[in-house]
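A.B. asks: 3D, please:
(one chain, ligands or ions: 2)
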Amino acid sequence: MALKLGSASLWETNAMGLNHKADKRLAALHGVDVRSSFLKPVKATSGYSNNAASLINDCVVISGKNFHQMATVGKSTNIVWHKCPVEKFDRQELLMQKGCVIWITGLSGSGKSTLACTLNRGLHSRGKLTYILDGDNVRHGLNNDLSFKAEDRAENIRRIGEVAKLFADAGIICIASLISPFKKDRDDCRALLPEGDFIEVFLDVPLEVCEARDPKGLYKLARSGKIKGFTGIDDPYEPPVNCEIVLQQKGEDCISPCEMAETVISYLEERGYLQA
Ligand SMILES: Nc1ncnc2c1ncn2[C@@H]1O[C@H](COP(=O)(O)OS(=O)(=O)O)[C@@H](OP(=O)(O)O)[C@H]1O
Ligand SMILES: Nc1ncnc2c1ncn2[C@@H]1O[C@H](COP(=O)(O)OP(=O)(O)O)[C@@H](O)[C@H]1O
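C.D. replies: Ligands and ions are numbered 1, 2, ... in the order given. Sure thing, here's the model as predicted:
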């Protein structure tokens, strides 16, 4: 790619393109003329988190032959986003599907893991590439430094949201299954993704039903005071207000995990996620 600074032509040696409007505007501000005939067609994908609050500083730096958009994000200073010519769109073409995040929230015992696995099987048998991020499982590794205090739950959810975003960017249908009790934490994860790509599924199962199931005996321990801060017992759960799918348990009638998975698959099919 060629850049002209005054009368000198600069050739950028790496594969990073100045192919979004903000780059060009900043280039113009710094007196750099971008020869647009050398640029790839523009795709509106910025690598930055769209959480504006985390983007503190953003400036253009020209050093030697390189033209960089330098940023400070959170505590990371002087960082530069590296773009690659193979993008999400290309991966989706390869996979014949669209990357997205299915975010399953609900109380412990509501059936999140069961639904995640059933959905995974259903999509896999249709030839779709999926990956499950289960709260319990991620806490065995990446998040094993986090407790169940509100701030640690928030960090657990934030990290899973960021990982889910990467999976979606890879073109994969990512199924995140975690209690995620706080609305704000879920909404922050939603904000990481393009409109429509975050599909929140609420497993609306009453506490009494979850407690009666109690497959791990955790409610019993929580009731006897042996576990403190257990969601639904002595820790809050904020139900979603406007989520994409509600799977409600009505009285004694249980919707089977297969029926639930079919509901989610139909939703994906109708919105074009099961094709490129
Ligand atoms: N205090 C407390 N509250 C709730 N749950 C607890 C707690 N302690 C341990 N567990 C077990 O951890 C699983 C929930 O982990 P998550 O990562 O999904 O929770 S959260 O989203 O950070 O709130 C949860 O798994 P599920 O039953 O699959 O939901 C429990 O097995
Ligand atoms: N749709 C359902 N109907 C009846 N029982 C279910 C259903 N989904 C899950 N279960 C049962 O409920 C218990 C909790 O399910 P699980 O998937 O582990 O929940 P969570 O991941 O939300 O803690 C398990 O014993 C599971 O077999």
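A.B. asks: what does the strand or helix carrying residue 261 rub up against?
C.D. replies: Assigned by DSSP states H and E, residue 261 falls within helix 257-270. By C-beta atoms under 8 Å, 6 or more residues apart in numbering, the surrounding residues in contact with helix 257-270 are 100, 102, 111, 114-115, 117-119, 121-123, 126, 173, 199, 201, 244-245, 247, 274. (Glycine included, C-beta is placed from N, CA and C.)
A.B. asks: Same check on stretch 130-146?
C.D. replies: Contacts of stretch 130-146 (C-beta under 8 Å, 6+ apart): 112-113, 116-117, 119-120, 123-124, 152-153, 155-156, 159-160, 163-164, 167, 172-180.
A.B. asks: where does the stretch 101-250 of the chain dip in pLDDT?
C.D. replies: In the prediction, the stretch 101-250 of the chain carries no residues with pLDDT under 70.
A.B. asks: Contact residues of it facing ligand 1?
C.D. replies: Residues of the stretch 101-250 of the chain found near ligand 1, taking C-beta under 6 Å from any ligand atom as the criterion, are 108-109, 112-113, 135-136, 139, 148, 153, 156-157, 178-181, 216, 218, 227, 229-231, 235.
A.B. asks: neighbours of whichever residue of the stretch 1-150 of the chain sits closest to ligand 2, just the number please.
C.D. replies: Closest residue of the stretch 1-150 of the chain to ligand 2, C-beta to the nearest ligand atom: residue 111 (2.9 Å). Residue 111 has 23 neighbouring residues, counting by other C-beta atoms under 10 Å.
A.B. asks: If we ignore the residues flanking it in sequence, what's nearest it?
C.D. replies: Excluding the flanking residues, the one nearest residue 111 by C-beta to C-beta, 6 or more residues apart in numbering is residue 203, at 5.5 Å.
A.B. asks: give me the element the one you found is part of.
C.D. replies: strand 198-204.
A.B. asks: Would you mind measuring from the residue nearest the centre of the chain to ligand 1?
C.D. replies: By C-alpha atoms, centre = their mean, the chain has its centre lying nearest to residue 165, at 3.1 Å. Residue 165 sits 17 Å away from ligand 1, going by C-beta to the nearest ligand atom, to the nearest Å.
A.B. asks: so that residue, which of the three states?
C.D. replies: Judged by DSSP: H, G, I helix; E, B strand; the rest coil, the three-state class of residue 165 is helix.
A.B. asks: For it, give me its contacts.
C.D. replies: For residue 165, the contacting residues are 101, 189, 192-193, by C-beta under 8 Å, 6+ apart.
A.B. asks: same check, this time on residue 121
C.D. replies: Contacts of residue 121 (C-beta under 8 Å, 6+ apart): residue 261.
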